[in-house]
Structure formats: structure tokens, C-alpha cells
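**Q** Test case, fold it:
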Amino acid sequence: MLKVAVVAGGYSDESVISLKSCELIYANLNPEKYDRTRVRILNDGWYAEIDEVKYPINKGDFSFEKDGEKINFDVVFNTIHGTPGEDGFLQAYFEMIGLPYNGCPFYQSALTFNKKDCIAVLSKYGIPHAQSVYINKGDNYSVEEIINKVGLPCFVKPNRSGSSLGISKVHKAEDFEAAMEKAFHEDREVLIESFLDGIEVSVGVLNFKGETTVLGITEIVSHTDFFDYDAKYNGLSDEITPARLTAEVEERVREISAKAYDCLNMSGFSRSEYIIVNGEPHFIEMNTLPGFSPASIFPQQATYAGITLTKLMDSEIELALNRKSPWTE
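**A** The predicted structure follows:
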């Protein structure tokens with residue numbers, strides 16, 4: 001029986017969501033096929049957790065000892081949102097020690113986690129996006145010049161963060177600095193983007209049994225000013241699957257979503273956000289470890305596509321075990 005480490009936690013404010021995702025994934029890993037162990041990677045340490053007992057992880061080979069026996073894992077199922085699980089650090093570590101893991105490789109993880117860089121790459125493939133300005137902490141900038149470029153309202157967001165943490169929709173110039181301070185609390189890099197007036201959709205794409213597959217398109221109707229943390233996790237939004245799109249626009253969204261996934265040489269799960277303006281999807285961001293809490297969109301889309309979560313987990317583990325190392329390709 002394969003020994004699977006279901007890894008959760010992380011070093012960011014998204015750790016709370018990660019721990020919820022871990023439980024849904026753990027529950028849908030077939031216990032007849034997999035010997036499952038929860039592994040926590042948190043600021044207070046790395047440890048396996050079995051029956052509420054903590055067993056420290058040996059970072060040399062990601063093993064632990066229980067009752068005098070050394071236990072090694074066959075594969076990792078990573079459920080960490082944010083750093084270090086979604087930005088490439090853990091993926092690079094697992095590559096170095098030769099331990100198979102789910103999802104995309106370290107380069108794709110790092111690239112997609114950096115909104116600015118991901119948009120820059122995809123723009124070369126003709127995928128539309130919002131006007132934007134990028135600011136590092138400590139940079140001198142002119143609020144007037146930024147607003148002249150992106151207009152009002154605009155979005156101020158951490159460049160490397162998820163779960164809508166640190167994002168503000170700015171309607172007035174006098175609110176801009178407070179929004180910047182909020183974003184800098186999450187990251188040293190901030191992205192300011194123009195407001196796109198259109199239909200917001202979230203699109204799940206994955207490599208399922210070796211093929212790029214668009215799970216579904218979910219329309220987001222937020223009860224708040226935008227799809228913020230409360231809208232995502234506290235029920236303040238309507239998530240409509242399938243999205244209410246014409247057949248022509250739906251086909252265009254599917255085409256762009258699959259293209260973005262393939263252009264980045266992605267593998268594993270992904271959920272991308274788009275704003276549809278005049279029938280054209282504009283890319284916002286891609287999450288390579290989408291949420292798997294009961295409130296999350298990706299599991300809803302899998303249900304809509306008629307794919308059980310257990311089958312999704314099986315496919316991910318099979319891909320992980322068969323992945324060739326980037327060092328040997």
C-alpha cells in the first residue's frame with residue numbers, strides 16, 4: 001500500500017484554508033489503496049500528526065519515526081496554499097530529495113504564484129489582461145500617474161498571495177495609500193490593475209489521466225464589492241456552475257483556459273480567474289493548488305464534470321509517480 005503524506009499548513013495567512021483542504025483531500029484518498037498520514041508544515045515546525053500525536057519530520061529525507069520505526073513516504077499530496085507549498089519552494093525540495101509529489105513542478109509553481117510574471121508570460125501568447133502597474137516596497141511612486149494609467153476604480157493587490165488576502169478595490173484617490181499599506185502587509189510587491197467591467201468566472205483546468213481537461217466554468221456573483229475573502233469563504237457570493245454564458249463565449253473561455261494551462265506547461269490541478277469583457281476572457285490569475293475546503297469552487301466543478309474527488313486524487317497520484325524529474329529530462 002502506497003504511503004501518502006497529505007501535507008498542509010504553510011507560513012502565510014492561508015494556512016487556515018490549507019488545513020481545511022487537507023481534510024477533504026484526506027477523506028477522498030481511498031484508504032484501501034493508500035496509507036494516509038497528515039503532515040503539517042507550520043511556523044512552529046514540520047511534523048506528522050497521527051491520533052493528535054506529533055512526530056517530527058526529518059527534513060533530510062522527509063521521514064519520521066514512530067514507535068522506533070522509521071517511516072518513509074512514497075508520494076506527497078501537497079495541499080499548502082501560499083508559501084512554501086504554492087510558490088515552488090517545497091516542490092524544489094521534493095525534487096532534490098527525490099520524493100514524488102502532486103501538482104506542477106517548482107518553476108510553474110513559482111511563476112504562477114507571481115501574478116506580474118505570469119501575466120507577462122501569458123501576454124506573449126496573446127492572452128488579454130488588465131492594464132497594470134507594479135510597485136516594490138520602498139519604491140517612489142506617483143498616485144496621480146498610476147491612476148492616470150489604470151483609472152478608477154482599480155484593484156490594489158499583493159503580487160504573491162492568494163485567497164484574496166490584502167486586496168482592495170479603490171474608488172477614490174484618497175483611499176489609495178491605505179490600500180497600498182494593506183497589500184504591503186501581505187507582500188513586498190504590489191500589483192495595481194485596472195477595473196474590468198464584465199462577468200467574472202473561475203475555471204478549473206487539470207491534467208486528468210494525461211489530458212488537459214477543463215472541468216467547468218463557474219460564474220462569480222459577489223455580494224460584496226468584489227470577490228474578496230468573505231465572498232469566497234463566508235458565503236457572501238453566488239457561485240453558478242455552469243456559468244450563464246452563450247455557447248460561443250463558453251467555448252472561447254474554454255479555449256483560452258486550456259491555452260493558458262498548456263502555454264505554461266502546467267500539470268496537476270489549477271483554477272484560473274477571468275473577467276469576460278465583450279465576449280473576451282481577460283486573465284487575472286492562476287492558482288496551482290486551488291482550495292479544497294467544502295466552500296471551494298474546484299470540487300464543485302469536479303462534481304459538475306461527473307468526476308469523483310476520489311478519481312481526481314487517483315489521477316494526481318498516478319501523474320506524480322510517473323513524472324520525470326526536470327533534472328533528467
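**Q** okay, now residue 246: neighbour count?
**A** Residue 246: 9 surrounding residues under other CB atoms under 10 Å. For glycine as for every other residue, the C-beta is placed from the backbone atoms N, C-alpha and C.
**Q** Once you drop chain neighbours, what's closest to it?
**A** Excluding the flanking residues, the one nearest residue 246 by CB to CB, 6 or more residues apart in numbering is residue 279, at 8.0 Å.
**Q** next one: residue 157
**A** Counting by CB to CB, 6+ apart, the residue nearest residue 157 is residue 167, at 4.3 Å.
**Q** Next: residue 160.
**A** Nearest one to residue 160, counting by CB to CB, 6+ apart, is residue 187 at 5.0 Å.
**Q** Contacts only, for that neighbour.
**A** 158-161, 166 (CB atoms under 8 Å, 6 or more residues apart in numbering).
**Q** cool, and residue 6?
**A** Counting by CB under 8 Å, 6+ apart, residue 6 touches 22, 25-26, 29, 36-39, 77, 79.
**Q** in this protein, which helix or strand is least confident?
**A** Every helix and strand in the chain was compared by mean pLDDT, DSSP states H and E; the lowest is helix 229-233, with a mean of 50.
**Q** Format the CA atom coordinates belonging to the next helix or strand after that one as CSV.
**A** Toward the C-terminus, helix 229-233 is succeeded by strand 237-240 as the next helix or strand (DSSP states H and E). What follows is strand 237-240, C-alpha atoms only, in CSV (Å, rounded to 0.1, in the frame of the first residue of the first chain):
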residue,chain,number,x,y,z
SER,A,237,-21.3,35.2,-3.1
ASP,A,238,-23.3,33.1,-5.6
GLU,A,239,-21.2,30.6,-7.4
ILE,A,240,-23.1,29.4,-10.5
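**Q** and strand 237-240, how far from the chain's centre?
**A** 19 Å (CA atoms, centre = their mean, to the nearest Å).
**Q** that older thread, neighbour-wise, which of the contacts of residue 6 leads?
**A** Most surrounded of these: other CB under 10 Å gives residue 79, at 30 neighbours.
**Q** returning to what we had before: any idea how far the residue nearest to residue 246 is from residue 256?
**A** The gap separating residue 279 from residue 256 is 11 Å, by CB to CB, to the nearest Å.
**Q** Those two: which is more packed in?
**A** Neighbours per residue (other CB under 10 Å) separate residue 279 from residue 256, with residue 256 holding more: 23 against 13.
**Q** Give the full set of residues in contact with the closest residue to the more buried one other than its chain neighbours.
**A** The spatially closest residue to residue 256, leaving aside those adjacent along the chain, is residue 281, at 4.8 Å (CB to CB, 6+ apart). Contact partners of residue 281, counting by CB under 8 Å, 6+ apart, are 128, 201, 252-253, 256-257, 274-275.
**Q** cool, residue 72 as well?
**A** By CB under 8 Å, 6+ apart, the contact list for residue 72 reads 3, 61-63.
**Q** now residue 49
**A** Counting by CB under 8 Å, 6+ apart, residue 49 has contacts 37-40, 55.
**Q** re earlier: show me just the buried residues among the contacts of residue 281.
**A** Using 16 or more other CB atoms under 10 Å as the burial test, the contacts of residue 281 include 201, 252-253, 256-257, 274-275 as buried.
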